[in-house]
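Q: have a look; sequence and predicted model below, questions after that.
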Amino acid sequence: MSKSHAILVKKGKKYYWCSCGLSKSQPFCDGSHKVTGYSNVPYKAIKDEIVFFCGCKKSSNKPLCDSQLNCKSEWITSHLIFFVSH
């Protein structure tokens with residue numbers, strides 16, 4: 001759950017970010033929060049682009065990653081391996 005999620009979003013589409021961490025379809029909500037005090041966080045894309053949804057749930061810019069070291073570093077490590085090998 002701690003890594004950020006690079007997602008290609010589409011202009012005008014709404015996305016619902018999981019804030020509780022229980023969703024099986026991270027980083028998006030699947031309704032699992034209904035048994036918690038959490039709620040999903042809506043995000044509406046203003047253009048087609050790649051955005052980084054927070055995975056550690058500690059971002060001060062929810063639902064997007066704010067480059068918290070514990071969140072971003074895992075993404076960088078896992079994706080650098082991908083980019084270097086392709």
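A: Looks like it came in fine.
Q: can you list the low-confidence ranges for this protein?
A: Counting by pLDDT under 70, the chain contains low-confidence ranges at 1-2, 68-86.
Q: residues near the closest residue to Asp48 other than its chain neighbours, how many?
A: In this structure, Asp48 finds its nearest non-sequential neighbour in Lys11, 5.2 Å apart by C-beta to C-beta, 6 or more residues apart in numbering. Bear in mind the C-beta positions are built from the backbone N, C-alpha and C, glycine included. By other C-beta atoms under 10 Å, the residues close to Lys11 number 10.
Q: which parts of this structure are helices?
A: Here the chain has its helices, by DSSP state H, at 69-85.
Q: geometrically speaking, which residue is the centre of it?
A: For the chain, the residue sitting closest to the mean C-alpha position, by C-alpha atoms, centre = their mean, is Phe53 at 2.4 Å.
Q: what's the burial count for the residue lying closest to it once chain neighbours are set aside?
A: Spatially, and ignoring its direct neighbours in sequence, Phe53 is nearest to Pro27 (3.9 Å; C-beta to C-beta, 6+ apart). Residues lying near Pro27 (other C-beta under 10 Å) number 25.
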